[in-house]
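S.K.: here's my sequence, what's the structure:
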Amino acid sequence: MEASGGKKKDIQSFKGKIWRDGRFTESEFQINEGKIVNNLKTRPYKAAYIIPPYTEPHIHGGWGKDFEKSDFDPLEKKLKCSGVFCAVPTISCSSVDRLKKISASFKKYKAENPNSIIPFLRVEGPFISPAKKGAQDEKYILPATIQNIEELLSIDSYKIHTFAPEMTHSDIFVTKALNAGKIPSAGHSQATYRDFLKLYDLGLRHMTHYPNALSTLHHREIGLTGAGLLLDGLQLEFIADGIHNSMDFFRLLLKVKGPSFCLTSDMIPQAFSGSRSFPHIKTDSTGHRITIKNDVLAGGATSVPEQAAALFKFRIKPEEIIPLTCTNALKFLGLPAPEIKQGKDADFILLNKSFEVEAVYKKGKRL
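M.R.: From the prediction side, this is the model:
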């Protein structure tokens, strides 16, 4: 787009409902040399909504690619083009030796790509409940001995660790993880509310794909599902795909907690692959429900950008969708949240009237 009045050709202007300072404001801005600038007279491109990039705090893969196979580069490119500028690769329950190999591969990738959208890795297990393993491989579940705890936490690429609070030595695990600057996350667990409360008092504040694979809510024992609703200061990950959870439960969670939690996809390699030939995996006709034997969900297949558009269709307020999909996870993880403000990198997404991604910009360049 060429600017008027003899301005530089790389100046572009955008107008619409822009997300700034926690709310939408009808405004406009320009980008010049990859930065947000204001008050340069150019003809603006009109978008329905202009928002910061999305965040994927729990994702295994997609498009036939797998983070466990070190497909960091192709997955990062796919994610950025979809509007995701921060993603946390999640490794399924595996052997410690394999976790170390994936860590080494990730370190090499990060050294070669210092501006990667991937800040660190996370892992589900190995200290989880066999009764709540879901699609996790039971043969890799380990007891939480002191030696196993210390060996797992010594792998520095992993920052978030999903574990079952009812396990022996869970208090030691939480204390050691927090002291190491890591995030223990309750998940794949049949813990009681009291099991969780003891660790909450030690500083546990995170739940993995809440409330999936967690002990359920009952009026005599509220379990981990009840703990998530009752206790303050928790970061709850929620898959709003209408498959892992109903929209009724989403509305309940939003009513009780407000837009304080975050959305995630739990996407697996089969998502968006266009193939149904993966062994031991069944995909329905929509491509969004992927299961293993006994109709157990294998993982997610609905991205965070898709979930945002779906919530908009269900009449969830845009002012609530943005924290859930763009900023809450970043704040909890202590990562900087992109802002559409003067002098900032021109990283933003244009959405249409249906809240669907229309265009993605990275440092002023359309991807």
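S.K.: sheet partners, orientation included, of the helix-or-strand element of the chain with minimal mean pLDDT?
M.R.: Here the helix or strand of the chain ranked lowest by mean pLDDT, DSSP states H and E is strand 282-283, holding a mean of 83. In the sheet, strand 282-283 lines up against strand 290-291 (antiparallel) (DSSP bridges).
S.K.: chain center to the partner strand: distance?
M.R.: 20 Å (C-alpha atoms, centre = their mean, to the nearest Å).
S.K.: then stretch 148-163?
M.R.: 19 Å.
S.K.: now do it, average pLDDT.
M.R.: Mean per-residue pLDDT for stretch 148-163: 97.
S.K.: go on, stretch 351-360?
M.R.: Rounded mean pLDDT across stretch 351-360 is 98.
S.K.: go on, stretch 31-51?
M.R.: On average, the pLDDT along stretch 31-51 is 90.
S.K.: and if you look at stretch 114-126?
M.R.: For stretch 114-126, mean pLDDT rounds to 97.
S.K.: dump the residue contacts of E319.
M.R.: When contacts are counted by C-beta atoms under 8 Å, 6 or more residues apart in numbering, E319 is found next to 22-24, 259. Where C-beta positions appear, they are placed from N, C-alpha and C, glycine not excepted.
S.K.: let's have the residues you listed in CSV, adding pLDDT, distance to G62 and neighbour count.
M.R.: Formatted as CSV, these follow (pLDDT from 0 to 100; distance: C-beta to C-beta, whole Å; neighbours: other C-beta atoms under 10 Å):
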residue, pLDDT, distance to G62, neighbour count
G22, 94, 30, 9
R23, 96, 32, 11
F24, 97, 29, 17
P259, 98, 26, 18
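S.K.: tell me where the model's unsure across the stretch 251-367 of the chain.
M.R.: 275-279, 285 (pLDDT under 70).
S.K.: show me the helices in it, by range?
M.R.: 304-313, 318-322, 328-333 (DSSP state H, counting those that start in this stretch).
S.K.: which strand or helix spans the residue sitting nearest the centre point of the chain?
M.R.: Centroid check for the chain by C-alpha atoms, centre = their mean gives P57 as the closest residue, at 2.1 Å. When elements are assigned from DSSP states H and E, P57 belongs to strand 54-59.
S.K.: what are the pairing partners of that strand, and which direction each?
M.R.: strand 84-91 (parallel).
S.K.: for the closest residue to E150 other than its chain neighbours, what are its contacts?
M.R.: Nearest non-adjacent residue to E150, counting by C-beta to C-beta, 6 or more residues apart in numbering: K176, 7.2 Å away. K176 makes contact with 149-150, 153 under the criterion C-beta under 8 Å, 6+ apart.
S.K.: of those, which is the nearest to I36?
M.R.: Distance to I36 across the contacts of K176 (C-beta to C-beta) is lowest for L153, with 39.9 Å.
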